[in-house]
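> What would the 3D arrangement of this be:
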Amino acid sequence: MSVTQTAVPARPVTVGIDWAKDNHAVCVVDADGEPVQRLVIQHSKSGIGRLLGLLERHRVAGVGIERPDGPLVAALLGAGVELFVVAPSQVKSLRRRYGSAGNKDDRFDAYVLADTVRTDRRRLVALRPDGSATVTLRTLVRARADLVNHRVALGNQLRAHLDTVLPGAVGLFCELDSPISRAFLTAHPTQDAVNALTLDVFTAWLAGQGYRQKKPAVLLQRLTGAPAGVTGPAGVALAGVTAAYLTALTALVEQIAVLETQIADALAAHPDGRIFTSLPRAGTVRAARLLAEIGDARGRYPTAAALAGLAGVTPSTRESGQVRVVAFRWAVDKQLRGAVCDFAADSRRASPWAADLYAKARARGHPTTRPATAPSKPSSTNIKPTRLDTGHSRQTPLRRRAPPLPGPRSPAPLPLLRRSSGQNGAGDHYFPGVVPTNLVGGALQPQGAQRRDPQPRRGRLTVPRLRLGPHRAEVADPGPAVQI
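Alright, predicted model coming up:
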């Protein structure tokens with residue numbers, strides 16, 4: 001009697017990598033969840049090569065990591081390793097599986113990543129990288145967005161500087177970073193130079209710049225009617241600050257124009273460029289931003305609803321017992337949400353379908369702020385978090401809550417309490433109470449109490465009176481303060 005021996009299939013081995021700046025903690029876990037090997041590799045060519053040799057030796061079935069890009073990820077993908085990205089926020093929650101403390105430890109996080117790939121592989125989606133053309137376009141688009149943010153910040157600094165030095169130049173033309181505004185400030189940097197202008201000289205200067213939007217007499221009247229700025233030697237000294245701001249602002253404007261040219265060329269050469277430029281009011285930069293953030297790995301979004309959910313344009317519903325909360329979706333790809341919302345906000349001006357969707361949302365009582373609409377889910381993607389206008393400089397997005405269930409005993413809404421820590425409401429803090437979040441047809445839908453401050457600091461508490469408007473709640477004069 002002969003016995004035929006059959007080969008036992010190798011049991012899968014998984015690896016977790018806790019990514020860091022200088023080194024990476026690695027943990028190899030067998031099919032039973034037991035650590036096989038732990039090590040720390042350097043973020044260098046030799047360290048990454050050592051990691052690839054380790055993965056080949058153990059015949060790893062999957063690798064868990066916390067970020068989807070970088071040289072380490074590119075090397076792993078190039079070696080044919082199947083990667084699963086687990087967000088750091090998810091790793092923080094997964095630590096509770098293995099202990100009540102949930103403390104942060106790099107080596108332990110590597111084990112958590114490896115064991116999560118072992119146990120929850122069917123819930124994870126393997127990383128599908130985009131093509132090199134899409135990655136390049138994404139880099140250009142995001143670099144341009146960063147420079148635009150710097151340009152806006154620098155323009156605000158220049159405006160604040162001119163409010164004291166040369167108030168007449170603020171608002172004289174369309175924008176401070178426009179060519180005509182920068183040319184005017186370069187030619188007339190002081191209040192003394194502005195005071196010496198005559199109508200004939202100013203008219204000739206505007207003609208030389210090719211400016212014909214407003215009449216010279218109107219502009220000169222605005223200059224002479226504005227409050228006086230700094231004159232004399234002090235004005236000459238402060239003109240150097242103006243010149244420094246203008247030089248930096250001009251450099252930003254020029255580099256943004258260079259990036260826009262490169263974006264147009266990259267979009268024209270991309271295989272999917274014609275698809276995104278055909279969208280209503282997509283233009284060039286907006287179409288490139290959509291293509292860069294959505295990517296060309298179509299398997300990442302199996303359905304249109306998946307794309308809308310990852311972009312954060314669908315509400316997040318939490319329901320337990322008799323409580324049902326429909327809130328703004330926070331845990332999303334913010335770059336993708338920005339691209340989708342920017343496109344949706346302007347598409348209604350060229351698409352009858354989008355315009356009709358927007359009109360219906362306005363008819364239901366939604367505010368005139370930009371609606372987060374998505375072409376894939378017209379019924380539920382136009383919900384925005386309502387904001388309470390309290391006159392405070394920092395407006396906090398409020399979460400939407402469903403109306404309370406009908407019953408014989410409905411608790412009355414509590415007032416929104418404000419602690420004032422300075423004069424004129426400076427440094428106010430809004431903490432416990434019920435805040436209005438949804439005004440539909442003039443009816444106030446209350447929201448549950450916010451989380452209480454466990455140890456409120458000493459100060460003055462004022463109870464503002466809520467006054468209902470057609471589309472929002474406004475806070476009236478808070479009245480006398482109650483000292484505590």
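
> Tell me which residue lies nearest the centroid of the chain.
Residue closest to the average C-alpha location in the chain (Cα atoms, centre = their mean): Lys334, at 4.5 Å.

> phi, psi of the residue lying closest to that one once chain neighbours are set aside?
Distance criterion Cβ to Cβ, 6 or more residues apart in numbering; nearest residue to Lys334, sequence neighbours excluded, is Gly312 at 7.5 Å. Where C-beta positions appear, they are placed from N, C-alpha and C, glycine not excepted. The phi/psi pair for Gly312 (degrees, to the nearest 10) reads phi 80, psi 20.

> which ones are touching Gly312?
By Cβ atoms under 8 Å, 6 or more residues apart in numbering, the residues touching Gly312 are Arg329, Trp330, Val332, Asp333, Lys334, Leu336, Arg337, Ala372.

> rerun at 10 Å
328-334, 336-338, 340-341, 372, 374, 381 (Cβ atoms under 10 Å, 6 or more residues apart in numbering).

> my read: Thr231 touches Thr190, true?
Yes - with contact defined as Cβ atoms under 10 Å, Thr231 counts as touching Thr190 (7.3 Å).

> Settle it for me: which of those two has more neighbours?
Thr190 (21 against 14; other Cβ atoms under 10 Å).

> Spit out the contact partners of Arg50.
Contacts of Arg50 (Cβ under 10 Å, 6+ apart): Val26, Leu39, Ile41, Gln42, Ser44.

> can you tell me which of those are in strands?
Val26, Leu39, Ile41, Gln42 (DSSP state E).

> Name the residues contacting each of Thr231 and Thr190.
With Cβ under 10 Å, 6+ apart as the test, Thr231 and Thr190 both reach Val165.

> hmm, back to that, what is the nearest of the contacts of Gly312 to Thr134?
Closest approach to Thr134 among the contacts of Gly312 (Cβ to Cβ): Leu336, at 13.1 Å.

> Check what pLDDT the residue nearest to the centre of the chain gets.
If you check Lys334, the pLDDT there is 90.

> so who does it touch?
For Lys334, the contact set (Cβ under 10 Å, 6+ apart) comprises Glu293, Ala311, Gly312.

> So for stretch 83-100, mean pLDDT?
Mean predicted confidence for stretch 83-100 is 89.

> quick one: buried residues of it?
Leu83, Phe84, Val85, Val86, Val91, Leu94, Arg95 (16 or more other Cβ atoms under 10 Å).

> Compute the distance between the first one and Pro233, please.
In this case it means Leu83. The gap separating Leu83 from Pro233 is 64 Å, by Cβ to Cβ, to the nearest Å.

> Equivalent analysis for the fourth one, please.
Relative to Pro233, Val86 is positioned 63 Å away (Cβ to Cβ).

> Same check on the third one?
Shown here: Val85 relative to Pro233, a distance of 61 Å by Cβ to Cβ.

> Tell me which stretches of the stretch 101-250 of the chain form helices.
106-119, 132-165, 179-187, 191-195, 199-209, 216-225, 232-269 (DSSP state H, counting those that start in this stretch).

> Would you mind finding the most buried of those helices?
helix 106-119 (a mean of 22; mean count of other Cβ atoms under 10 Å).

> Leu291: neighbour count?
With other Cβ under 10 Å as criterion, Leu291 counts 26.

> So for the nearest residue to it once chain neighbours are set aside, what's the pLDDT?
Closest residue to Leu291 apart from its sequence neighbours, by Cβ to Cβ, 6+ apart: Phe276 at 4.6 Å. With respect to pLDDT, Phe276 has a value of 94.

> Please report phi then psi for Phe276.
phi -80, psi -30.

> what separates it from Arg138, distance-wise?
From Phe276 over to Arg138 (counting by Cβ to Cβ), the distance is 13 Å.

> Now for these two: what residues contact both?
With Cβ under 10 Å, 6+ apart, Phe276 and Arg138 have common neighbours Ala288, Arg289, Leu291, Ala292.

> Quick one: buried ones out of these?
Ala288, Arg289, Leu291, Ala292.

> Looking at those, point me to the pair that's furthest apart.
Among those, Arg289 and Leu291 lie farthest apart (Cβ to Cβ), at 7.4 Å.

> okay, and the common contacts of those two?
With Cβ under 10 Å, 6+ apart as the test, Arg289 and Leu291 both reach Leu137, Arg138, Val141, Leu267, Phe276, Ala282, Ala339.

> Secondary structure element holding Thr14?
strand 13-18 (DSSP states H and E).

> Does anything pack onto that strand? Which helices or strands?
Counting contacts by 3 or more Cβ pairs under 10 Å, 6 or more residues apart in numbering; DSSP states H and E, strand 13-18 packs against strand 23-29, strand 35-42, helix 45-58, strand 60-65, helix 71-78, strand 83-85, helix 88-94, helix 106-119.

> before we move on, the earlier item: mind putting the contacts of Lys334 into CSV with pLDDT?
Output for the contacts of Lys334, formatted as CSV (pLDDT from 0 to 100):
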residue, pLDDT
Glu293, 93
Ala311, 89
Gly312, 87
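
> Leu238: which of these is nearest?
Glu293 (42.6 Å).

> Does Leu267 touch Arg138 like I think?
No - here Leu267 lies out of contact with Arg138, judged by Cβ under 10 Å, at a distance of 11.5 Å.

> Please enumerate the shared neighbours of the two.
Residues touching both Leu267 and Arg138 (Cβ under 10 Å, 6+ apart) are Ala288, Arg289, Leu291, Ala292.

> tell me which residues in stretch 171-179 are buried?
Quick answer for stretch 171-179 (16+ other Cβ under 10 Å): Leu172, Phe173, Leu176, Asp177.

> Actually, stretch 339-358.
So for stretch 339-358, counting by 16+ other Cβ under 10 Å, buried means 339-341, 343-348, 351, 354, 357-358.

> Report the mean per-residue pLDDT for the strand holding Thr14.
94.

> and it with helix 106-119, angle?
140 degrees (axes from the mean of the first three to the mean of the last three Cα atoms, to 10 degrees).

> quick one: strand 13-18 to strand 23-29, angle?
Put simply, strand 13-18 runs at 160 degrees to strand 23-29, going by the same axes, to 10 degrees.

> Hmm, Asp130 and Leu77 touching each other?
No - the criterion here is Cβ under 10 Å, and Leu77 misses it with Asp130 at 11.2 Å.

> quick one on the thing from earlier: which of the contacts of Gly312 ranks first by neighbour count?
Counting by other Cβ under 10 Å, top hit in these: Val340 with 28 neighbours.

> quick one, phi psi at the residue lying closest to that one once chain neighbours are set aside?
Spatial nearest neighbour of Val340, chain neighbours left out: Ala311 (4.4 Å); criterion: Cβ to Cβ, 6+ apart. Per-residue torsions, Ala311: phi -80, psi -10 (degrees, to the nearest 10).

> got a pLDDT number for Ala269?
95.

> Would you enumerate the residues in contact with it?
Contacts of Ala269 by Cβ under 10 Å, 6+ apart are Ala133, Thr136, Leu137.

> out of those, which one sits closest to Gly49?
Nearest to Gly49 among the contacts of Ala269, with distances taken as Cβ to Cβ, is Thr136, at 26.3 Å.

> Now stretch 112-119 - C-alpha only, PDB.
What follows is stretch 112-119, C-alpha atoms only, in PDB (Å, rounded to 0.1, in the frame of the first residue of the first chain):
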ATOM      1  CA  VAL A 112      -1.600  46.300  14.300                       C
ATOM      2  CA  LEU A 113      -1.300  47.000  10.600                       C
ATOM      3  CA  ALA A 114       0.000  43.500   9.900                       C
ATOM      4  CA  ASP A 115      -2.700  41.800  11.900                       C
ATOM      5  CA  THR A 116      -5.400  44.100  10.400                       C
ATOM      6  CA  VAL A 117      -4.400  43.000   6.900                       C
ATOM      7  CA  ARG A 118      -4.500  39.400   8.100                       C
ATOM      8  CA  THR A 119      -8.000  39.500   9.700                       C
END
